[in-house]
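Colleague: Turn this into a structure:
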Amino acid sequence: MTIYPPAGPHDLPQLLADFGRWISDYWQSLPERPVLSRANPGDVLGKLPQHPPELPGGDTLWHDIRADLDSIVVPGLTHWQHPSFYAYFPANISVPAILGDVVSAGLGVQGMLWLTSPACTELETRVLDWLRELLGLPVCFDSRPEVSGVPWGGGVIQGTASEATLSAMVAGRDRVRRERQGAGVAGRAEFVVYASGQSHSSIAKAAMIAGIADGANDDRHIRLIDVDDELAMKSGALGEAMRADLSAGLTPCFVCVNVGTTATTAMDRIDQIAAEVDGLPAGTPRPWVHVDAAHAGAAAVCPEHRGMLRGLERADSFCFNPHKWLLTNFDCDCFFVRDRRPLIEALSVTPSYLRNQASESGAVIDYRDWQIPLGRRFRALKLWFVIRAFGAEGLRAHVRRTIGLASRFEEHVRSDGRFEVVTRRTLNLVCFRLREKGDEVQRRLMDRINQGGSAFLSHAVVPLGEPRRPSFVLRVAVGAPLTRESDIDRLWRTISTHADEVLG
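Modeller: Predicted structure coming up:
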């Protein structure tokens, strides 16, 4: 018996139209759906066959798949594009980004080398230079020598900020090791990485993967630096910690600067931290300074928010995620380096089967040497589609609109004496809690809101008060393209109603 595939190239236009309508219908249905899935553990598994099908789908295959999407998959989703999704940070998508991903999937490119698809590499290089310009980043991060004055800068698309952090940490560790060897320092270095106590868990995870730390709680090799009243790293405390470690025979190799922490979007001061790094004793290998602006970096498309990047020209690398707040679907992290050479030296492994004339000429970029994996999807296409579709003004308008909605929510919170805003709002995140109530009350309020289905909030535990103690706070992050003023006002009514219930 001859088995034919269930669809060929001639079927693609109709299938894309059908599933495009399905996605459109899904978006339109979002306001009527509960934000959080009502599924219990194992519900989805229980509806799926235990074994794969033996034969291809029949004439009703695509109808059956759509029916299963409606009855099994969608009810098991938390709806990240819902206008009332306020948890974590946003995960924006847009029609141009979806189309770019569809084209990327259809082309089926594996862009590990320039040779394996020159357009995949060169489009990415140009789009990252566009973004460097759109965000007002220092010219040292541009790939074009005629712009930066040197041929060593540039950007690359990673999957996530966690991958960018790991790549930067490996580059920093390797650069410090090479500098020690070049200076004739004997013995194996015992490396240390530094970050704020408010840093993302990816710092500890990267240190573990890179072989620097023995575990997430290895406080000999992972130094979490104290924060000030605005929850930003104390640069002076960083300098003291690095000098103390040097005196103890340890080797600082990596410093992470948070421009927008996960919990509260607190802003570390790049210029002050870079000054502490540059002020280490003469002859000390310079630790790699990486700026993690995973969420907040998108706001730099608006000139009025670029003050948070003061001193960035003194950092070695910078990353942010367009897949959070810049209308580009996951995964898409933009990672920029001031000098690509240490990164490539740390990550380049070239077996014989990857050798080719173009690479060995030195005239091309092979992005496989800028990242942990070998393989690469054509992710630049969706970013290219988005930038061309919205333009700089469209992207700025989206960021400004959602910041304005967050400001509107903050006004609601401040208007009610039962509540307090607990940290300064820097962008589109508001952190708040019931005034003078314990953590259990805050948690009960959040759980009631989320269980109600009309909104989804998340929380953080941050040091508050005097003396400081870990405190449970509620977070509202505004960023979904579908969110409107009416949604913000509805959210506040929901919170106020549940506060009445919790407070009795």
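Colleague: on contacts alone, who are the packing partners of the lowest-mean-pLDDT helix or strand in the chain?
Modeller: Within the chain, confidence by mean pLDDT, DSSP states H and E is lowest for helix 357-361 among all helices and strands, at a mean of 73. Judged by 3 or more CB pairs under 8 Å, 6 or more residues apart in numbering; DSSP states H and E, helix 357-361 is in contact with no other helix or strand. All C-beta atoms are positioned from the backbone trio N, CA, C, and that covers glycine.
Colleague: what sits up against it?
Modeller: Contacts with helix 357-361, where a contact means CB atoms under 8 Å, 6 or more residues apart in numbering, come from 113-115, 350, 364, 366.
Colleague: Just send those back as JSON lines, with secondary structure, neighbour count and pLDDT too.
Modeller: Shown next, in JSON lines, are the contacts of helix 357-361 (DSSP: H, G, I helix; E, B strand; the rest coil; neighbours: other CB atoms under 10 Å; pLDDT from 0 to 100):
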{"residue": "Leu113", "secondary structure": "coil", "neighbour count": "23", "pLDDT": "83"}
{"residue": "Trp114", "secondary structure": "coil", "neighbour count": "22", "pLDDT": "77"}
{"residue": "Leu115", "secondary structure": "coil", "neighbour count": "15", "pLDDT": "79"}
{"residue": "Thr350", "secondary structure": "coil", "neighbour count": "13", "pLDDT": "79"}
{"residue": "Val364", "secondary structure": "coil", "neighbour count": "17", "pLDDT": "81"}
{"residue": "Asp366", "secondary structure": "coil", "neighbour count": "21", "pLDDT": "86"}
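Colleague: With distance to Ala389 added, can I get the residues you listed in CSV?
Modeller: Formatted as CSV, the contacts of helix 357-361 follow (distance: CB to CB, whole Å):
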residue, distance to Ala389
Leu113, 29
Trp114, 27
Leu115, 30
Thr350, 38
Val364, 29
Asp366, 29
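Colleague: Could I get the full set of strands for the protein?
Modeller: 154-158, 191-196, 222-225, 251-258, 288-292, 317-320, 333-337, 419-421, 429-434, 458-464, 469-477 (DSSP state E).
Colleague: Tell me the strands beside the shortest one, with direction?
Modeller: In its sheet, strand 419-421 lies beside strand 429-434 (antiparallel), with partners assigned from DSSP bridges.
Colleague: And the longest one, by the same measure?
Modeller: According to DSSP bridges, the neighbouring strands of strand 469-477, each with its direction, are strand 429-434 (antiparallel), strand 458-464 (antiparallel).
Colleague: Of the ones you listed, which stretch is the most buried?
Modeller: Across the strands paired with strand 469-477, the average number of neighbours (mean count of other CB atoms under 10 Å) peaks for strand 429-434, which reaches a mean of 25.
Colleague: For that one, give me every contacting residue.
Modeller: Contact with strand 429-434 is made by 89, 263-265, 406, 409-410, 413, 418-423, 425, 441-442, 445, 460, 462, 471-478, 499, 502-503, as judged by CB under 8 Å, 6+ apart.
Colleague: let's go with 7 Å and repeat that
Modeller: 264-265, 406, 409-410, 413, 418-423, 441-442, 445, 460, 473-477, 499 (CB atoms under 7 Å, 6 or more residues apart in numbering).
Colleague: next one: stretch 9-25
Modeller: 7, 62, 66.
Colleague: buried stuff in that stretch?
Modeller: By neighbour count with 16 or more other CB atoms under 10 Å, stretch 9-25 contains no buried residues.
Colleague: The closest residue to Glu124 other than its chain neighbours: neighbour count?
Modeller: With CB to CB, 6 or more residues apart in numbering as the criterion, Glu124 has its nearest non-adjacent residue at 3.8 Å, and that residue is Ala380. Residues near Ala380, counting by other CB atoms under 10 Å, number 27.
Colleague: Also Thr125?
Modeller: Residues near Thr125, counting by other CB under 10 Å, number 19.
Colleague: what's the answer for Glu420, then?
Modeller: By the criterion of other CB under 10 Å, Glu420 has 16 neighbours.
Colleague: Does it touch Gln442 like I think?
Modeller: No - using CB atoms under 7 Å, Glu420 is not in contact with Gln442; the gap is 11.2 Å.
Colleague: low pLDDT regions in the stretch 401-504 of the chain?
Modeller: Residues of the stretch 401-504 of the chain meeting the criterion pLDDT under 70: none.
Colleague: where do the helices sit along it?
Modeller: For the stretch 401-504 of the chain, the helices defined by DSSP state H, counting those that start in this stretch occupy 439-452, 485-503.
Colleague: and for the longest one, what are the contacting residues?
Modeller: The set of residues that contact helix 485-503 without belonging to it, under CB under 7 Å, 6+ apart, is 83-84, 86, 405, 408-409, 412, 416, 418, 434, 441, 444-445, 448-449, 452, 454-455.
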